[in-house]
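A.B. asks: From the sequence below, what's the structure:
(chains A and B)
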Amino acid sequence: MKVGIVCPYSWDAPGGVRSHVADLALALMGHGHEVSVLAPVDDGIDLPEWVVNGGRPVAVPYNGSVARVNFGFGATMAVRRWIQEGDFDVLHVHEPVAPGLSMLACWVARGPMVATWHSSHARSRILSAGYYIAQTAMEKLSGRIAVSEQARRTLVGHLGGDAVLIPNGVQVAHYSTGARLDLVDPTRPSIMFLGRVDEPRKGFAVLLSALPTLLEAVPNLQVLVVGPGDIDGLRSELDPRMAAHIEFLGRVSDEVKAAALRSVDVYVAPHTGGESFGIVLIEAMAARTAVVASDIPAFRQVLEEGVSGALFESENPQALAAQVIRVLVDPAARAELEAQGWRRVQEYDWNVVVDDVIAVYESVTVGGEKVTTDLRGQIVGRLGGRST
Amino acid sequence: MNVVILGAIGLFLLLLAWYLSNTAGRLDRLHRKIDISRLALDAQLLRRSSVAIELSSSGIFDPATSMLLADAAHHARTASDADDAARSRAESDLTAALDAALQYPQDVAEVRRDPAGAELLDELEASIRRVEISRRFLNDAVRACRQLRGQRAARWFWLAGRTALPQSWEMDDTPPLGLGPRSSQ
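C.D. replies: A predicted model of the protein is given here:
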């Protein structure tokens, strides 16, 4: 099958949707499909041959922050040309109601089209104001996918209509095999935090409050902190006795992140909310590391209510400490969590997940129609024939 | 004065024409989407009953289970010419029969041990998942279409032409318990 995928966010900037698109494209190609990805590109260096440059994104204020998007006549022409040259059997757009290439693709294409919703958010102004635009785009889509129950609820709540749930995939092998970090002493118990240290939702403060209790029970504990933020400021405020146990890695590459996850005994996720899916938990499980996470809805679902990872009451440092200590001091409990996590993560491997995506493609392409541009305007298009 | 009124009427008519044509275009698109979803669902239901018949005649199951499965699958197949209500009943019955046959994970594991059985189960799982997907897309398009056709403009101006009011497809498509959690997501 020839698949055209549209990614609305810049190919050069790391991000959830962008890596989802890249992994999906690779998995589809692994299954023998032909893939072309259209994405905004900033400098265009080192583009894989299956990525088509959709132009430079422009920063504009949108929905209370600044979004970098492609719009206007030039962008529309680029999308149109890509669709005409691609001769796709199915068009797969991501985040179709955010302004950008995806929305344009919905606008100018006709034929078998599928869309994936990634984000979950409270009702936003644009979705209400642009309801009519969104509704028309929605009707053109033959299939809708949501990556999480929360994302699906956003879609159902805002626009009506349903979607099939296909979770994010993970390249399990990327996490399960490879080197460990030398920085982590394998003879000492170790835990890890991942995320911005100064973003309250990531819950680093909860972990810090639990640290004295943790050190009391496990005096030779190592704490690995991976993620950007004001690390120097944080370190200067820390009690030196505690700081001695913490390694700050700052922002790291995907490779180092995977190696870090492989190296530690327990991954701790003290997030206090705002996570729609919990991909970090899955990455940790793929690295065969035991997971201890707060009991926010997304995590409870991924961890099967505590079967494939331990849960503690969100924002409660004592509950966090109790669970982490239990898992650290009992090798059998830890091995059980690692095994359960490893079993769970197989369901999220891209090679499995992509089967469901292909099932969606197949169910919208039975007509055998190709994706073409909707050059005929809506009025002319209608005169062109009702029965086609 | 006359010119202003005439202009206003003209503008109104123009806007009305644009709106009607636009709505008709949307309806047309929805009807096509429904047709395609129906085709997809039809193909997957046939695929599912074929696999069920193969499973029943493969000698993997005990005679009683084989009989139940074969009977349900046969009814589902022959019902493909019947009216929608009868067919969806027959398909739901097949779902129940499949669930009865593949209720326990250990039984499923037993079937999987046989290479031919594993192949049939994979095929069955794929068709069950696709039935779920196609049915969801179909019902979604039907809901949107019925909503649009319920609007005054669509009713007064006969924008749907003679196309019959589309019906949603109701059936039990729960995957058998023994096949595990993956397909139930």
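A.B. asks: what packs against whichever helix in chain B runs longest?
C.D. replies: In chain B, with assignment by DSSP state H, the single longest helix is helix B:2-56. In terms of contacts (3 or more CB pairs under 8 Å, 6 or more residues apart in numbering or on different chains; DSSP states H and E), helix B:2-56 is packed against helix A:131-140, helix A:350-364, helix A:378-383, helix B:63-78, helix B:84-101, helix B:115-150, helix B:152-156. Every residue, glycine included, has its C-beta placed from N, CA and C.
A.B. asks: What average pLDDT does it get?
C.D. replies: Mean pLDDT, helix B:2-56: 91.
A.B. asks: what do you get for stretch B:131-146?
C.D. replies: Mean predicted confidence for stretch B:131-146 is 91.
A.B. asks: Flag every residue of chain B that's near chain A.
C.D. replies: Listed as neighbours of chain A in chain B under the rule CB under 8 Å from any CB of the partner chain: B:18, B:21-22, B:24-26, B:28-30, B:32-33, B:35-37, B:39-41, B:43-44, B:126, B:129-130, B:132-134, B:136-137, B:139-140, B:143-144, B:161, B:181-182, B:185.
A.B. asks: buried subset of those?
C.D. replies: B:21-22, B:24-26, B:28-30, B:32-33, B:35-37, B:39-41, B:43-44, B:126, B:129-130, B:132-134, B:136-137, B:139-140, B:143-144 (16 or more other CB atoms under 10 Å in any protein chain shown).
A.B. asks: thinking again about what came up before, now do the longest helix of chain B and helix B:63-78, the angle between them.
C.D. replies: 150 degrees (axes from the mean of the first three to the mean of the last three CA atoms, to 10 degrees).
A.B. asks: From the chain's centroid, how far away is helix B:2-56?
C.D. replies: 17 Å (CA atoms, centre = their mean, to the nearest Å).
A.B. asks: Can you name the residues of chain A that neighbour chain B?
C.D. replies: Residues of chain A lying near chain B by CB under 8 Å from any CB: A:112, A:136, A:138-140, A:142-144, A:160-167, A:347, A:352, A:355-356, A:359-360, A:362-364, A:366-367, A:378-379, A:381-382, A:386, A:388.
A.B. asks: one step back: least reliable of the helices and strands packed on helix B:2-56 going by mean pLDDT?
C.D. replies: That would be helix A:378-383, which, of all the helices and strands packed on helix B:2-56, carries the lowest mean pLDDT at a mean of 40.
A.B. asks: and residue 119, how many neighbours does it have?
C.D. replies: I went with chain A, as the question did not name one. When neighbours are counted by other CB atoms under 10 Å in any protein chain shown, A:S119 registers 18.
A.B. asks: hm, I was asking about chain B
C.D. replies: Other residues near B:E119 number 14, with proximity taken as other CB under 10 Å.
A.B. asks: again with B:L14
C.D. replies: 10.
A.B. asks: Against A:V97, how distant is the closest residue to A:V360 other than its chain neighbours?
C.D. replies: The shortest distance from A:V360 to any non-neighbouring residue, by CB to CB, 6 or more residues apart in numbering or on different chains, is to A:G143 (4.8 Å). According to CB to CB, to the nearest Å, A:G143 and A:V97 sit 16 Å apart.
A.B. asks: for B:S58, same thing?
C.D. replies: B:S58 is 47 Å from A:V97, by CB to CB.
A.B. asks: of the two, who's got more company?
C.D. replies: A side-by-side neighbour count of B:S58 and A:V97, using other CB under 10 Å, places A:V97 first with 26 against 15.
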